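>>> Sharing a model that was predicted from the sequence below.
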Amino acid sequence: MRENSIPLSQKFLLTVKEASMYFNLGENKLYKIAADYQNSEYKFVLQNGCRTMINRRNFEEFLNNTTSI
């Protein structure tokens with residue numbers, strides 16, 4: 001990690017790789033969840049060109065309200 005980098009716990013948006021490390025979920029699982037919930041009420045998926053980004057706080061809320069993934 002670079003010295004000037006922001007800790008994952010403080011980032012607003014996470015890449016799928018970062019979200020995988022932070023939430024302890026596989027990257028493929030996160031891509032599937034992102035595709036399934038692209039337009040859900042939780043609004044945790046953001047497409048930046050072809051890059052899928054995860055809104056950390058909204059995804060945490062989604063996980064808190066989910067019993068199985």
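Structure received.

>>> ends of stretch 5-21, how far apart?
Terminal residues of stretch 5-21 are spaced 16 Å apart (CA to CA, to the nearest Å).

>>> Show me which residues of it are buried.
Buried residues in stretch 5-21, counted by 16 or more other CB atoms under 10 Å: Lys11, Leu14, Thr15, Val16, Ala19, Ser20. C-beta: built from backbone N, CA, C; applies to glycine.

>>> same thing with stretch 55-64?
By neighbour count on 16+ other CB under 10 Å, the buried set for stretch 55-64 is Asn55, Arg56, Asn58, Phe59, Phe62.

>>> and that stretch, C-alpha only, in PDB?
The C-alpha trace of stretch 55-64 is given here as PDB (Å, rounded to 0.1, in the frame of the first residue of the first chain):
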ATOM      1  CA  ASN A  55     -20.500   2.000  -2.400                       C
ATOM      2  CA  ARG A  56     -19.100   0.700   0.900                       C
ATOM      3  CA  ARG A  57     -21.800   2.200   3.200                       C
ATOM      4  CA  ASN A  58     -24.700   1.200   1.000                       C
ATOM      5  CA  PHE A  59     -23.300  -2.300   0.600                       C
ATOM      6  CA  GLU A  60     -22.800  -2.600   4.400                       C
ATOM      7  CA  GLU A  61     -26.500  -1.700   4.800                       C
ATOM      8  CA  PHE A  62     -27.400  -4.300   2.100                       C
ATOM      9  CA  LEU A  63     -25.400  -7.000   4.000                       C
ATOM     10  CA  ASN A  64     -27.000  -6.000   7.400                       C
END
